[in-house]
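> here is my input; please provide its structure:
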Amino acid sequence: MKRSWLTSGLASVALIAAAGASWAEKANDTLRVAFTKELENVDSYFNSSREGVVLQRAVWDGLIYRDPVTNEYKGNLATSWEWIDDTTLELKLREGVTFHNGEPFNADDVVFTVNFVAKEESGVKTQRNVNWMKSAEKVDDYTVRILLKEKFPAAIEFLSGPVSMYPNEYYAEAGPSKMGLEPVGTGPYKVVSVTPGQHFVLEKNENYHDSPKGQPTITNIDIRTIPDVNTQMAELFSGSLDLIWQVPADQAEKLDEMGQFTVENESTMRVGYLSMDAAGRSGDTPFSDLKVRQAVNHAINRKELVDALLKGESQVVWTPCFPSQFGCIEEAATTYEYDPEKAKALLAEAGYPDGFTTEFYAYRNREYAEAIMSYLNAVGIEADFKFLQYSALRDLNMKGEVPLAFLTWGSYSINDASAMVSQFFKHGSLDDARDDQVLADLNVADSSTDPEVRIENYAKAIDRITSQAYWAPMFSYNTNYVFTKEVSYSPTPDEVLRFTTMTWN
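Below you'll find the predicted structure:
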C-alpha cells in the first residue's frame, strides 16, 4: 500500500478536483462504478466472483427473492411455490414477463435452465449452487416442478440467490460464450456492451416487471475494471467515477475525514481463511501433518489483523462458514490462541525444528496476505509468495496444486452453512481435506428436513474440520463504499451492489 499517497496525494488530488472537475454524470444519468477484480465471464453460471454476483442480480432474475434486510422470501419470476413432497417443488410463474431480447418468459425457460445447469457436464463453476437439482418439468405454460436429487432443505435459499433464469431459445443458440459477451436476462438492467474483464455498460430496463428488487431509477451504469485502488480514488476525485467499493480501511478513513464523499461501512458474509493441503494433493507437503496445521493456526494473530487492517464491522472467525448462516455452530469450533512459541514447538515435534519453505498463494488483499506471511515467517515457515488472478488460482486449486493459500468465500450471500462448509469439504475439486467422516456428517446435514438434525451434523462437521485444523479461518470481511455526494445508496450486509436502490440526490 502506498501510504505516502494516502497522506499527501489525497489532498493534492482534492485540490485539483476542486479547481473545476465535474463530480458526476448526473446530467447524463450515468453512474460510473469501478470493479477492482477482473470478471472473467459475465455469464453468472461460469464465474464465481463477487463482481459476477453483482452483475447477475442486475441483469438476471431468480424465481424467488430474499429481502436482504428482513430475510423474507418473496416471489420474483415465481409468484408462489409449494412442496408436493420432500423432493418436488412446484412453482407458479409470473405472467407477462419478457427477456431483454423480447423473448417471453414461461415454463420452457425454467425447464431449460434447470436441466442445463444441473448437468455436471455443463461445467457450471460452482457446482454446489446447482447440483442439488435433478431436473425440471413443465406442468403448463406458467407452472413448473423442480425435482431434487434428494431432500435439500436449503432449496428456497438457493433459488433466491445464484439460480438465475435464462431464455431457452437464445441460450440454446448462444451458450455460455455468447451469453458472456451479449447477456440476455429479465433483470432491472440490460447489457449494452461488454469488453471482457474491462468494461461493462448497462441501461435501465424500461419494461421491468413488478419485482421485489424494485424499479431502477438511474438510466445508465458504466462499470470499469481498475485494479489499483489508488487509481480508483484519483478518478473519484477527478470526477471520472461516482462510486467505488471494497476500499481498504485506512484509505476509507482518510476519505471520510476529508468530508467530500459519503463513506459507508457494512458487514459482509465473506470469510477470509488459509486453506492447507492436508490430503497431500499437491505432493509431499508438510501440511499433511496435523501438528503443522495446528502450528499455522497458532501462528496467526487474528485479532491484530482485524483491528489493524480490516477494522469496521469485521470480526474474528473460527468456523469454516459465516456465523449467521444456519448451521454454522460457533460453539463447535476449536479455537487457537495466538502463541508463536507453541507454533514453533509443534513444528519441531512434526520434524521441522528449523521450519520449512512452502509456496503460498493469494488473489486479493495483498496487504493482508503479506501480514499473514510475516506471522508464518516468525515461526519458521518461509513463504514463496505467488499473487495470481482469481480465476488462475481457482483453476490451480481445482487441480490440487496449491499447498497453502489465503482465500475468501462470500457464499453467494446464501445464509446457510451448506453454501460454504459443504462447498469445500464434500470431496469436490476444491476439497484439500478429503475427510470421509466430514463428508458423512455433511451429507446428513445437507439433506435432513429436521432443523435439529441439520444443526447436530453441521456441528459435528465443524468440530472435525477445526480440531483437525484443515483450515485456519481468520476473519469476516466488511466492505467500505465510497461515493460522491450526488449519489444516494444504503449498502446491505450481503455484499451485493444493488443498482436498483441507487438514486441521485
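> alpha carbons only for contacts and neighbour counts from here, please
Noted.
> how close does the closest residue to Tyr390 other than its chain neighbours sit to Val317?
Of all residues beyond its chain neighbours, the one nearest Tyr390 is Tyr363 (5.2 Å), with distances taken as C-alpha to C-alpha, 6 or more residues apart in numbering. With distances taken as C-alpha to C-alpha, to the nearest Å, Tyr363 is found 20 Å from Val317.
> thought Ser135 was touching Ile146, still the case?
Yes - counting by C-alpha atoms under 8 Å, a contact exists between Ile146 and Ser135, whose distance comes to 6.0 Å.
> returning to what we had before: number of nearby residues for the residue nearest to Tyr390?
Tyr363 sits with 20 neighbouring residues when counted by other C-alpha atoms under 10 Å.
> also Glu257?
Counted with other C-alpha under 10 Å, residues neighbouring Glu257 total 11.
> tell me who's in contact with the residue nearest to Tyr390.
Contacts were defined as C-alpha atoms under 8 Å, 6 or more residues apart in numbering; by that measure Tyr363 touches 387-390, 393, 406-407.
> quick check: the farthest pair among those residues?
For these, the maximum inter-member distance is 12.8 Å, found between Gln389 and Phe406 (C-alpha to C-alpha).
> list the contacts of Ser411.
With contacts taken as C-alpha under 8 Å, 6+ apart, Ser411 has the following neighbours: 269-270, 419-420.
> ok, now Asn47?
Contacts of Asn47 were listed using C-alpha under 8 Å, 6+ apart, and they are 39-41, 125-126.
> again with Gly355
The neighbours of Gly355, taking C-alpha under 8 Å, 6+ apart as the test, are 344, 347-348, 379-382.
> quick one, what contacts Ser448?
Applying C-alpha under 8 Å, 6+ apart as the definition, the contact partners of Ser448 turn out to be 151-153, 454.
> can you pull the phi and psi angles for it?
Main-chain torsions, Ser448, degrees, to the nearest 10: phi -70, psi 140.
> okay, it: pLDDT?
Ser448 is assigned a pLDDT of 94 by the prediction.
> distance-wise, check Asn457 relative to Ser476.
From Asn457 over to Ser476 (counting by C-alpha to C-alpha), the distance is 23 Å.
> so what's the residue nearest the centre of the chain up against?
Central residue check for the chain by C-alpha atoms, centre = their mean: the C-alpha nearest the mean position is that of Gly410, 3.4 Å away. By C-alpha under 8 Å, 6+ apart, the contact list for Gly410 reads 50, 268-271.
> could I get these as JSON lines with pLDDT and secondary structure?
Output for the contacts of Gly410, formatted as JSON lines (pLDDT from 0 to 100; DSSP: H, G, I helix; E, B strand; the rest coil):
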{"residue": "Arg50", "pLDDT": "92", "secondary structure": "helix"}
{"residue": "Thr268", "pLDDT": "95", "secondary structure": "strand"}
{"residue": "Met269", "pLDDT": "94", "secondary structure": "strand"}
{"residue": "Arg270", "pLDDT": "96", "secondary structure": "strand"}
{"residue": "Val271", "pLDDT": "98", "secondary structure": "strand"}
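> now do the SS call for Val191.
For Val191, the reduced secondary structure class is strand; criterion used: DSSP: H, G, I helix; E, B strand; the rest coil.
> now for it, how many residues are close by?
Quick note: Val191 (other C-alpha under 10 Å) scores 23 neighbours.
> quick one: residues contacting it.
Contacts of Val191 were listed using C-alpha under 8 Å, 6+ apart, and they are 59, 182-184, 200-203.
> quick one on the thing from earlier: could you identify which of the contacts of Tyr363 has the most neighbours?
Across the contacts of Tyr363, neighbour numbers were computed from other C-alpha under 10 Å; Phe406 holds the maximum, 25 neighbours.
> if we can go back for a sec, inside strands: which ones of the contacts of Val191?
When those are checked against strands using DSSP state E, the ones located there are 200-203.
> about what we covered before: which residues are in contact with both of Ile146 and Ser135?
Shared contacts of Ile146 and Ser135, defined by C-alpha under 8 Å, 6+ apart, comprise Val114.
> the stretch 101-250 of the chain: strands as residue ranges?
For the stretch 101-250 of the chain, the strands defined by DSSP state E, counting those that start in this stretch occupy 133-140, 143-148, 189-195, 199-204, 220-225, 243-245.
> how about those in a markdown table, adding distance to Leu91 and mean pLDDT?
Shown next, in a markdown table, are these (distance: least, C-alpha to C-alpha, whole Å; pLDDT from 0 to 100):
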| stretch | distance to Leu91 | mean pLDDT |
| --- | --- | --- |
| strand 133-140 | 10 | 98 |
| strand 143-148 | 5 | 98 |
| strand 189-195 | 25 | 97 |
| strand 199-204 | 28 | 98 |
| strand 220-225 | 32 | 98 |
| strand 243-245 | 36 | 98 |
